[in-house]
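> Attaching a predicted model along with its sequence, questions to come.
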Amino acid sequence: MTTHLTLLTTPPGAPSAPTAPADLPPAAADGTRRLADRYGRVARDLRVSLTDRCNLRCTYCMPAEGLEWLPTEQTLNFAEVTRLIRIAVELLGIRQIRFTGGEPLLRRELAEIIAFTSALRTDEGRAVQTALTTNGLGLDKKVASLREAGLNRVNISLDTIDAERYKSLTRRDRLHHVLRSIDAAVDAGLSPVKINAVVMPGVNEDDIVPLARYCLAKGAQLRFIEQMPLGPREQWKRSEMVTAADILARLQGEFTLTPASEPRGSAPAAKWDVAEYPGGQLGVIASVTESFCGDCDRSRLTTDGAIRNCLFANSETPLRDLMRSGASDAELATAWATAMWGKLPGHGIDDPGFLQPDRPMSAIGG
Ligand code: SAM
Ligand code: SF4
């Protein structure tokens, strides 16, 4: 029989939990809390980055070369990542979890992590909703097992359906693999399969309409995303970016769009029904020009175990070393709640003092 030793005291020199601010609401008698902040928002949606590695090199996300991967010992192992997921759901009120990266399909234990997560019950007694954001490479071969593990939804990134442009944009000649995976995801019934397209000035504006036609014909829901200042620093200029208004104008030139009737809630995409494709929808995510920070319900866990309360946060709360030095579930939950309590009201991209985060998007988890 295996004996499990529980470390009850913090070893000398080990990191200590950040001090909880005096105004942090206390945990309930059963140890549960909400991931609230000072502006009244409550995080229910957790983004978990399962690796910082990737098999593409999208120009808006990664440099062509020179980005070093985190050493394995610095990343959360299976036991650590599933422990934090359990704490998030059982103690902190998280109700849905999206796995991302880097490229999450590169994580060997992905199906096991999804199965573990799907078996947890939320504070409302429901199964946790699980989702995946992926570049799609290899998804066709894995989609059945991921579905079986409990995966509820998938977002596949595709910025062009022109093979040459895909090759220059992602620095890899893999368009046909992604298109195969989109078909496989639709066939697996992961509906609606969502497609994410980032629009960049002078790069893929001409793809807006062809991409829309392609996705509408497949029954996939395409969402255009404004490019954000998260990739290589020379890649983004506020004055040159393609805005949601520019994207919508192009779409309105081709399609008859009416605002979708369902309430938007904390969903980032403004959705439009497309008269020419009954039942078809297109979405536009104005992350920069019409930020939805006031409705944000997200918390983020990086591959190396840090909590980020915002994509654009300039500080993070490392839980990994706290966990490795023997912190209890309650201590980890308090450190996580403290991190979220300090969330700023908005991303501040338009503020003169805005600083791009040090971590690239691939390491934060998009
Ligand atoms: N590798 C997976 C993928 O590409 O879907 C998951 C990680 S990726 C960082 C997550 C999402 O972030 C993708 O949809 C990608 O297009 C988006 N993304 C990356 N860099 C971005 C940027 N600078 N601005 C806006 N979206 C970005
Ligand atoms: Fe990789 Fe996704 Fe970044 Fe592209 S957007 S380089 S696929 S992590």
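Ah, there it is. Numbers count the residues shown, from 1 in each chain. Ligands and ions are numbered 1, 2, ... in the order given.
> any residues touching stretch 262-280, and which ones?
With contact meaning C-beta atoms under 8 Å, 6 or more residues apart in numbering, stretch 262-280 is reached by 45, 212, 216-217, 219, 223, 244, 248, 251, 255-261, 281-287, 292, 295-297. For every residue, glycine as well, the C-beta is placed using N, CA and C.
> so which residue of the stretch 151-300 of the chain comes closest to ligand 2?
Nearest to ligand 2 in the stretch 151-300 of the chain, going by C-beta to the nearest ligand atom, is Ser157, at a distance of 5.8 Å.
> Look up the closest residue to that residue, ignoring the ones flanking it.
Of all residues not flanking Ser157 in the chain, Asn196 sits nearest, at 4.7 Å (C-beta to C-beta, 6 or more residues apart in numbering).
> Phi first, then psi, for the one you found.
Here is the backbone geometry of Asn196 (degrees, to the nearest 10): phi -100, psi 130.
> Ser299 too?
phi -130, psi 150.
> ok, now which ones touch it?
Contacts of Ser299 (C-beta under 8 Å, 6+ apart): 35, 43, 45-47, 88, 94, 307-309, 336, 339-340.
> make it 7 Å
By C-beta atoms under 7 Å, 6 or more residues apart in numbering, Ser299 lies in contact with Leu35, Ala43, Leu46, Ile307, Asn309, Met340.
> In terms of pLDDT, where does the nearest residue to it once chain neighbours are set aside sit?
Among residues not flanking Ser299 along the chain, Ala43 sits closest, at 4.2 Å (C-beta to C-beta, 6+ apart). pLDDT for Ala43: 97.
> CSV for the contacts of Ser299, including secondary structure and distance to ligand 2?
Formatted as CSV, the contacts of Ser299 follow (DSSP: H, G, I helix; E, B strand; the rest coil; distance: C-beta to the nearest ligand atom, whole Å):
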residue, secondary structure, distance to ligand 2
Leu35, strand, 25
Ala43, strand, 23
Leu46, strand, 18
Ile307, strand, 20
Asn309, coil, 21
Met340, helix, 24
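> what about the residue nearest to Ser157, how many residues close to it?
20 (other C-beta atoms under 10 Å).
> same check, this time on the one 10 residues further on
Other residues within reach of Asp206, judged by other C-beta under 10 Å, total 13.
> Can you name the residues in contact with stretch 241-251?
Residues outside stretch 241-251 that contact it (C-beta under 7 Å, 6+ apart): 199-201, 205, 208-209, 212, 224, 226-227, 257, 282, 284, 286, 288-290.
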